Structures are given as C-alpha cells and as structure tokens.
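Trainee: What shape does this take:
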Amino acid sequence: MPDLLGASPTVATYPEYPDSMLFGKPARNESDLNPRSSKRHRRADAMRRKALSPVRILIMVLFLPLTTAVFAAGMFLRISDYDRNDAVLHLIALAGCDAADAIGFGPFRKGQPGYHKRYDADGDGVSCEKFAPAFTQQAIPPTSSAPTNRTVGNAKFVRP
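Mentor: Numbers count the residues shown, from 1 in each chain. Presented below is the predicted three-dimensional model:
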C-alpha cells in the first residue's frame, strides 16, 4: 500500500551489521566486527562465572552469621553507655557467667558493667557469684497442698 506521497514503504536495512548484532551480542558462530568487544564479553563471562560459583556462594552463606555477629557487636560498642572496654566486658558477661569466669572477671554488682539481672540468682544485686551460698541444716517445714510461687529475676517458678 503506497503512503501519502505515493511511494511504497521500505524496510530499513543495515547492510554493514548482521541482523543478530542489532539487538544483542553476536551469535557464537559469527565473527565479531570489534575485537575489543569480544574480549570484553569473555572477561564479563569469566567474572560472572566466578561471582556465581557454587563454592563462593556457599562460603558467603556460611560466613553470614559471623558477619552479622561482628556487625551487631560493633553497633553495640558504638551505642553503649559504657566506654569501649567496659562495653566488651558487659557483652562477655551477657554470654554467661562461665564465659566471664573463664577470662577472670566476676562477680558484677548492680549498676556496674557486666551486671545482668538474669544471672543474679538470689536477687542481692550481685551477679555471677563464684561461691554458692552456705546452707545450714534446718528442720523441713510442713508443706501445704497449695502451690508456692517464687520469682528469680524475671523468671517465675511454680512448685507443683
């Protein structure tokens, strides 16, 4: 069908480029017109294979918890109310009394770095005490049938 000027429409062709080069990289069987382009494609393919290798992905997944822990510890050290050394001590004591004893620290008093209420078993304001409280032999009081409630820190225990 002729257009308004009476000429029949023509399809634009680009004789200097093959059809496969117009919308992407050349097919593997065709020779590339630009040798630098093929070198760039080879480098990009090698980089893609290296970045998406299963071993590299596995290593990154395995190191994710370590990376997260280091990031969280760094953030705690920056935003803590304690200076850096005391904040590290507070974090170690948070891991447990055994960890604090292993490096030679403890007991921790209320209001000082390292004190955590959950490790204060008797509620006297001292956590991670190294000695067990001395018990004296006393007569056992008669038990009632009603359960007794007691709390230690934030935990609530009910005697059956």
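Trainee: mean confidence score for the host helix or strand of Met60?
Mentor: Using DSSP states H and E, Met60 sits in helix 54-62. The average pLDDT for helix 54-62 rounds to 92.
Trainee: And stretch 73-89, by the same measure?
Mentor: Mean predicted confidence for stretch 73-89 is 91.
Trainee: Can you give the contact residues for that stretch?
Mentor: 90-91, 105, 113-114 (CB atoms under 8 Å, 6 or more residues apart in numbering). Just so you know, the C-beta spots here come from the backbone N, C-alpha and C atoms, and that holds for glycine as well.
Trainee: How about it, which residues are buried there?
Mentor: Across stretch 73-89, burial judged by 16 or more other CB atoms under 10 Å covers 77, 82, 87-89.
Trainee: Render the CA-only coordinates of that stretch in PDB, please.
Mentor: The C-alpha trace of stretch 73-89 is given here as PDB (Å, rounded to 0.1, in the frame of the first residue of the first chain):
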ATOM      1  CA  ALA A  73      29.000  -6.200  68.400                       C
ATOM      2  CA  GLY A  74      30.300  -3.200  66.600                       C
ATOM      3  CA  MET A  75      27.000  -1.400  66.800                       C
ATOM      4  CA  PHE A  76      26.700  -2.300  70.500                       C
ATOM      5  CA  LEU A  77      30.100  -0.800  71.200                       C
ATOM      6  CA  ARG A  78      29.200   2.400  69.400                       C
ATOM      7  CA  ILE A  79      25.900   3.000  71.100                       C
ATOM      8  CA  SER A  80      26.600   1.600  74.500                       C
ATOM      9  CA  ASP A  81      26.600   3.900  77.600                       C
ATOM     10  CA  TYR A  82      29.800   2.300  78.800                       C
ATOM     11  CA  ASP A  83      33.300   3.100  77.400                       C
ATOM     12  CA  ARG A  84      34.700   0.500  75.000                       C
ATOM     13  CA  ASN A  85      36.500  -1.800  77.500                       C
ATOM     14  CA  ASP A  86      33.500  -1.900  79.800                       C
ATOM     15  CA  ALA A  87      31.100  -2.500  76.900                       C
ATOM     16  CA  VAL A  88      33.200  -5.500  75.900                       C
ATOM     17  CA  LEU A  89      33.100  -6.800  79.500                       C
END
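Trainee: now, which of the contacts of stretch 73-89 lie within helices?
Mentor: Counting by DSSP state H, these place 90-91 in helices.
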